[in-house]
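In: A structural model of the following input is requested.
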Amino acid sequence: KAVVSTQSTGSISESTSSGDPRSRHDSDQRTRHGSESRTRHDTLEQSTCSSVHSFEVQEPEVENLSLSPIPFTNGKKKHSRNHSNLTTGSGRSGSLDSVSLGNSSTLDYNPHFTETPSPIDTSTLEDISLHDEGEAEEEKKKKANNASSKMSLLARKLFKRSEPVVLTTNLIFENRPSNLPAKNPDEEIAQRKAYEEMVAAAKRKEVAEIKKKQRAAEERKRYEETVAACTNVWLKEILPEWHTVNHTKRVHNLWWKGLPPKVRGTVWKLAVGNELQLTKNLYFIMVERAKDTLRCCKEKAYTGHIKEETRDNVRSIRLDVLRTFPHLCIFQECGPCHDQLLNVLGAYASYRPDVGYVQGMSFLTAVLLLNMDPPDAFILLSNLLHQPCQRAFFRMDADMMFVYFDVFNLFFEEALPPLFNFFTHIHLTPDLYLIGWVFTLFSKSLPLDVASRVWDVYFRDGDSFLFATALGILRMYMPQLLQMEFEIVLQFLRKLPDDMDADVLFEHIKAVGLTPRKFQHTMVELVDLNNTERRKKNTS
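Out: So this is what the prediction gives:
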């Protein structure tokens, strides 16, 4: 048996050194390094000595004893860095830094030992491992800095170009690469010519767009100047002397061209008048009554005291308000005019329970609210629906409605024979499209600005202008309508194109030649004829 101690380290190293000077020098260095490591790691040497003190050697050679490096077992690369060496008889060294960073360590030893070494005190080893981690972090930072400096250098080399950048349009005029066959001269001339034509076409298109924008800006400027001038005329010359100048030719000509938005609501109220002698106080009373009705409809306990027609009116008003001019986004829920539209419609339904609410009233009321306050809109709506044509349609007076249809057919056949025959052939009767136009005064079918201008002249000429407008629309789109089928015609007439030109439409309306006097004369004749036939049926 041989006992290993720390004092034997130096002697074993000396006994194993050879006579070679180089080996003697290496042995001296190992001895000196071992002494330094004994000074730095006193506690570690004591624990190491205590752990191997009771080892028994199977064979008499002491040189087989060595401390082999202990690898890290964290699944990564094995790590070994020697802080100090313990040399045995044959000069083998063991790494003190080979202890793992965990709380438990495994020591590789010579298989000739029969006993397992006791655990090593890791209090000093933790300090060494932390020192190694710091060095590893520093090395990582150095490597990262070196990589970034290399990348920046590479980027500077890439982007530092002495030759100019060639535009893609210039590539057309470049010769082909040397490894490709040269261009045919005729082909090169054709390509160059095609390219020049393409560039010229692009320039012409750009110039045309610029001129178009300039023309639009000039037209807009002229329109604004014209509107401003007309507004001054209406405000300073016509409205102060309304009752004396409203039937003059000059005023009618200005009226035909469209009312300025600033005076439109005022002129509408003056043109329609207030035959029913309604007041603003009546409007507020009707609004409160409508709110009470709405409140009672919400409460289940009071539903028995409300008529079924009233509940239907409330439901219809709520639905139609949400569908009124949805592109404006002002009459829908949470919109600025949502409550105003509800109040005016509810007030009229309360004021005229015999009429109630009819689909189409929401569009009429919305157009009025765009040009005046809610009380004035209520007064004008009530007087507007009191007109003969509107009263017949909104009260669903079938006899009078058919009289209006017959009058329209007479003028339709007289003004547009080809289209009249085509509609007769496909069985398209006026009630399929004319009812929607009359109920909403074209505000749902026409663009809003065009419909507003139609309303201007309608308040001047009366019911006759509604049918003149209908004939003007059919005359304007007659070539397209003659090529359509039944369903397509109906869809087209219910929602007319948004790009309609108001001036062109009014030219077609004027070309129809339906005057208020002519319309009124025909209406009287048909009404008398209808009454005569009715009397004959009653007597028979």
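
In: Can you name the helix or strand that residue 140 falls in?
Out: Residue 140 is part of helix 123-159, with elements assigned from DSSP states H and E.

In: and that helix, average pLDDT?
Out: Computed over helix 123-159, the mean pLDDT rounds to 58.

In: ditto for stretch 347-358
Out: 91.

In: Tabulate the CA atom coordinates of it in CSV.
Out: What follows is stretch 347-358, C-alpha atoms only, in CSV (Å, rounded to 0.1, in the frame of the first residue of the first chain):
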residue,chain,number,x,y,z
ALA,A,347,-94.6,64.3,-35.8
TYR,A,348,-96.2,64.0,-39.2
ALA,A,349,-97.5,60.5,-38.4
SER,A,350,-99.1,61.9,-35.2
TYR,A,351,-100.4,64.9,-37.1
ARG,A,352,-102.0,62.8,-39.9
PRO,A,353,-102.9,59.4,-38.4
ASP,A,354,-105.2,58.8,-41.4
VAL,A,355,-102.2,58.9,-43.6
GLY,A,356,-99.6,57.6,-41.1
TYR,A,357,-96.2,56.8,-42.4
VAL,A,358,-95.6,55.6,-46.0
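
In: mind showing which ranges of the stretch 151-300 of the chain have poor pLDDT?
Out: The model of the stretch 151-300 of the chain has pLDDT under 70 over residues 151-176, 298-300.

In: What segments of it are strands?
Out: Read by DSSP state E, counting those that start in this stretch, the stretch 151-300 of the chain holds no strands at all.

In: mind checking the longest helix of the protein?
Out: Scanning the chain for the longest helix, with DSSP state H as the assignment, gives helix 185-233.

In: Tell me the helices and strands packed up against it.
Out: Helix 185-233 sits against helix 261-272, with contacts defined as 3 or more C-beta pairs under 8 Å, 6 or more residues apart in numbering; DSSP states H and E. Just so you know, the C-beta spots here come from the backbone N, C-alpha and C atoms, and that holds for glycine as well.

In: Apply 10 Å and report the result again.
Out: Judged by 3 or more C-beta pairs under 10 Å, 6 or more residues apart in numbering; DSSP states H and E, the packing partners of helix 185-233 are helix 249-256, helix 261-272.

In: Return the most buried member of those helices.
Out: helix 261-272 (a mean of 18; mean count of other C-beta atoms under 10 Å).

In: between it and helix 185-233, how big is the angle?
Out: Using axes from the mean of the first three to the mean of the last three C-alpha atoms, to 10 degrees, the direction of helix 261-272 lies 50 degrees away from that of helix 185-233.

In: May I have helix 261-272 exported as CSV, CA atoms only?
Out: C-alpha atoms of helix 261-272 as CSV (Å, rounded to 0.1, in the frame of the first residue of the first chain):
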residue,chain,number,x,y,z
PRO,A,261,-77.8,76.2,-52.0
LYS,A,262,-77.8,79.2,-49.7
VAL,A,263,-81.3,80.4,-50.7
ARG,A,264,-82.8,77.0,-51.7
GLY,A,265,-84.7,76.3,-48.4
THR,A,266,-86.1,79.9,-48.3
VAL,A,267,-87.3,79.8,-51.9
TRP,A,268,-88.9,76.3,-51.4
LYS,A,269,-90.9,77.6,-48.4
LEU,A,270,-92.1,80.7,-50.3
ALA,A,271,-93.0,78.6,-53.4
VAL,A,272,-95.0,76.0,-51.5
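
In: Let me know the angle separating that helix from helix 249-256.
Out: 120 degrees.

In: Going by contacts, tell me the helices and strands next to helix 261-272.
Out: helix 185-233, helix 242-245, helix 249-256, helix 361-369, helix 374-384, helix 448-461.

In: hey, C-alpha coordinates of the fourth one in CSV?
Out: Coordinates of the C-alpha atoms in helix 361-369 are reproduced here as CSV (Å, rounded to 0.1, in the frame of the first residue of the first chain):
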residue,chain,number,x,y,z
MET,A,361,-91.5,59.9,-46.7
SER,A,362,-88.0,59.4,-45.1
PHE,A,363,-86.3,60.5,-48.4
LEU,A,364,-88.6,63.6,-48.7
THR,A,365,-88.0,64.6,-45.1
ALA,A,366,-84.2,64.0,-45.4
VAL,A,367,-83.9,66.3,-48.4
LEU,A,368,-85.9,69.0,-46.5
LEU,A,369,-83.7,68.7,-43.5
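
In: wait, isn't residue 499 in contact with residue 447?
Out: Yes: using C-beta atoms under 10 Å, residue 499 is in contact with residue 447, at 8.1 Å.

In: The two: which is more packed in?
Out: Legend: neighbour count by other C-beta atoms under 10 Å for residue 499 and residue 447, higher for residue 447 (17 against 6).

In: if I look at the more buried one, how far off is residue 205?
Out: 28 Å (C-beta to C-beta, to the nearest Å).

In: Next: residue 513.
Out: Distance from residue 513 to residue 205, by C-beta to C-beta: 43 Å.

In: ok, back up a step: I'd like the helices and strands packed on helix 261-272 written out as JSON lines, with distance to residue 316 added.
Out: Converted to JSON lines, those look like this (distance: least, C-beta to C-beta, whole Å):
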{"stretch": "helix 185-233", "distance to residue 316": "37"}
{"stretch": "helix 242-245", "distance to residue 316": "37"}
{"stretch": "helix 249-256", "distance to residue 316": "35"}
{"stretch": "helix 361-369", "distance to residue 316": "9"}
{"stretch": "helix 374-384", "distance to residue 316": "16"}
{"stretch": "helix 448-461", "distance to residue 316": "22"}
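
In: Would you tell me which of the ones you listed gets closest to residue 321?
Out: Proximity to residue 321 (C-beta to C-beta) singles out helix 361-369 among the helices and strands packed on helix 261-272, at 5.8 Å.

In: What average pLDDT does the closest one get?
Out: Throughout helix 361-369, pLDDT has a mean value of 95.

In: just stretch 460-471 next, same as before
Out: 95.

In: in the stretch 401-540 of the chain, which spans are strands?
Out: So, for the stretch 401-540 of the chain - with DSSP E, counting those that start in this stretch - there are no strands.

In: Can you pull out the low-pLDDT segments for it?
Out: Residue ranges of the stretch 401-540 of the chain with pLDDT under 70: 540.

In: Sketch out the helices for it, chain order is fine.
Out: Applying DSSP state H, counting those that start in this stretch to the stretch 401-540 of the chain gives helices spanning 417-425, 434-440, 448-461, 464-476, 478-481, 486-494, 502-512, 516-539.

In: Having no further points to raise, I will conclude here.
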